[in-house]
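K.L.:
Mind looking at a prediction? Sequence and model below.
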Amino acid sequence: MTRGVLLLALLVGLAPGRAAAAAIDLSRLAVVGDSLAVGVGSGDPSEPVRRTSYASRLAAQAGSRLACAAVSGARVEDALAQAAAVASSTPTTVLVWIGSNDALFAALSADPSRLTPPDRFERAFRDVVRRVSGTGATLVVATVPDVTRTPRAAGLPAEVAATIRDRVAVFNRAIADTARAAGALLVDVHGLFETVHRE
């Protein structure tokens, strides 16, 4: 399943409140995120947002005008500038999928000290959501997958992997709490990937 198909399926079918999710207006879609939204590692590297990225595929499938403010390598704190850019695009729906790098860099270096502290993560994520909520657009946020399962993080010491997974769980609680408080639709990407991994 391509990333675009996956995200569209998530938006319509797996977010709480299926009827509400199905009624999302995707005519003007804005995305806050990282390399997953930009599509690094796929397509033509000369394109700022690859046509093969999930953001581009989702926009193409929905017939959306896309405003993708995502930046490769971004952490949650970096997304504040993205949120400001998104706010000026008059979106009908904003998708916020950010936070993987707050754990991934620790996994790639086997160094838990590179994990973003929980209080900083929660504060920055809340600020991002607050900024994009001001647009009046439908807000969709997604959780962070278990980055220790990526091939590039293979061979992590068990203790380091456990520390990173625990921090990802903390990040995802903060994302879920923020989504609930903002009345946003929550897409459990972490849970979906765990299901796929078990199968």
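P.N.:
Yep, it's here. Nothing here was measured: the structure is a model prediction, and the numbers come from that model.
K.L.:
what's the burial count for the closest residue to residue 186 other than its chain neighbours?
P.N.:
In space, and not counting its chain neighbours, residue 186 is closest to residue 179: 4.3 Å by C-beta to C-beta, 6 or more residues apart in numbering. Heads up, the C-betas are built off the backbone N, CA and C, glycines and all. The local packing of residue 179 (other C-beta atoms under 10 Å) involves 23 other residues.
K.L.:
Could I get the contacting residues of residue 179?
P.N.:
By C-beta atoms under 8 Å, 6 or more residues apart in numbering, residue 179 lies in contact with 129, 139, 141, 185-186.
K.L.:
Now do the helices in the chain.
P.N.:
3-9, 18-22, 35-38, 54-62, 79-87, 101-109, 118-133, 158-182, 189-198 (DSSP state H).
K.L.:
can you redo these as CSV with distance to residue 29 and mean pLDDT?
P.N.:
Below are these laid out as CSV (distance: least, C-beta to C-beta, whole Å; pLDDT from 0 to 100):
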stretch, distance to residue 29, mean pLDDT
helix 3-9, 10, 46
helix 18-22, 14, 47
helix 35-38, 11, 86
helix 54-62, 5, 84
helix 79-87, 10, 93
helix 101-109, 22, 95
helix 118-133, 12, 97
helix 158-182, 18, 97
helix 189-198, 17, 79
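K.L.:
closest one to residue 94 among those?
P.N.:
When the helices of the chain are compared by C-beta to C-beta, helix 118-133 sits nearest residue 94, at 4.6 Å.
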